[in-house]
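Undergrad: Here is a sequence together with a model predicted from it:
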Amino acid sequence: MITGLDHIVALVRDIGAAKAAYQTLLGRAPAWQNSGEGADRVLFTLDNLTLELMAPSGFTATADRMRALLDDQEGVLASLCFRVADMSKMHRRLDRVALKPDPVAEVESSDAATGAALHWKRTRAATELTRGVRMFFLELAEERPKSVAIDVAPIDGLDHIVITTEDSDRAAALYGARLGLDLALDRSHHDWGQLMFFRCGDLIVEVVRRPVAGGDSLHDRLWGLSWRVADIDATRARLLAAGLDVTEVRNGRKPGTRIMTVRNGTCGIQTVLLERSPKPVE
């Protein structure tokens, strides 16, 4: 039913500052910009996913809700938007697995710069039944335009999104049994807790359980993003030249990967860059 992760919504306090920050981080220009319904939006569309930056605008009920979610944070990951091939079938499945989907809505968006229009069908699962993570499901009528590279060594796509949980059994039931994502890895270690990798298109939804005293066992949290790059050393050099604070490159937990952490310039969103070694030719 789900064919991939269509986009992630990040709420930000200042849309202009966030747009500039992510142009620098991604090395790409925005692909879509619009305003309306209490929000300003800037979208960056990469090879396998769109990042939608959204900031409250005006004093509508929607804008006030976004401000409440942001609290005093510069930015926060707000929702997952899965892509589906057949909205009618997806809606029936969500209803069948008791996720109480909203009625399907027909949505149109116009780009402020070009006037181009996009159309899609959308529904949302009840957030109280998705362990506090807002989840939307979209069937697009047209493909979004891609974000053009504006610098060397740009970010190519998303490798994985990290979700933290205090109840791995219920999280596994949600992402695996109810949403139908393929569980590719389930591993535990005394140093870093339990990791579960769910395949979603060509990226991973990573669910992490690190027991914390007083943690919320009923609600999971969108925690961070791991972006995919072709040449991590070149990307690191570009970000350093732009004034960002980044760590040294180190070997990733998964064999054949190299990673680094970006410490600022992400609107407060936990961010890692990852390079995968090319697969050997057989």
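TA: Nice, I can see it.
Undergrad: what about Leu225, neighbour count?
TA: 22 (other CB atoms under 10 Å). Glycine gets a C-beta too; all of them are placed from N, C-alpha and C.
Undergrad: same deal with Leu80?
TA: Residues near Leu80, counting by other CB under 10 Å, number 23.
Undergrad: Name the helix or strand for it, please.
TA: Here Leu80, judged by DSSP states H and E, is contained in strand 75-84.
Undergrad: Averaged pLDDT, that strand. What do you get?
TA: Mean pLDDT, computed over strand 75-84, is 98.
Undergrad: list the helices and strands it packs on?
TA: strand 2-12, strand 50-56, helix 61-70, strand 134-140, strand 221-228 (3 or more CB pairs under 8 Å, 6 or more residues apart in numbering; DSSP states H and E).
Undergrad: now, of the ones you listed, which is deepest in the fold?
TA: With neighbours defined as mean count of other CB atoms under 10 Å, the helices and strands packed on strand 75-84 peak in mean count at strand 50-56, which reaches a mean of 23.
Undergrad: tilt between it and helix 61-70?
TA: Comparing the axes of strand 50-56 and helix 61-70 via axes from the mean of the first three to the mean of the last three CA atoms, to 10 degrees yields an angle of 100 degrees.
Undergrad: where do the helices sit along the stretch 51-200 of the chain?
TA: With DSSP state H, counting those that start in this stretch as the criterion, the stretch 51-200 of the chain has helices at 61-70, 87-96, 168-172.
Undergrad: Now render the helices and strands packed on strand 75-84 as a markdown table, adding distance to Ile269 and mean pLDDT.
TA: Listed next are the helices and strands packed on strand 75-84 as a markdown table, based on distance: least, CB to CB, whole Å; pLDDT from 0 to 100:
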| stretch | distance to Ile269 | mean pLDDT |
| --- | --- | --- |
| strand 2-12 | 6 | 98 |
| strand 50-56 | 10 | 98 |
| helix 61-70 | 12 | 95 |
| strand 134-140 | 16 | 98 |
| strand 221-228 | 6 | 97 |
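Undergrad: now the ones you listed in JSON lines, with distance to Val262?
TA: JSON lines is the format used below for these (distance: least, CB to CB, whole Å):
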{"stretch": "strand 2-12", "distance to Val262": "14"}
{"stretch": "strand 50-56", "distance to Val262": "14"}
{"stretch": "helix 61-70", "distance to Val262": "20"}
{"stretch": "strand 134-140", "distance to Val262": "24"}
{"stretch": "strand 221-228", "distance to Val262": "9"}
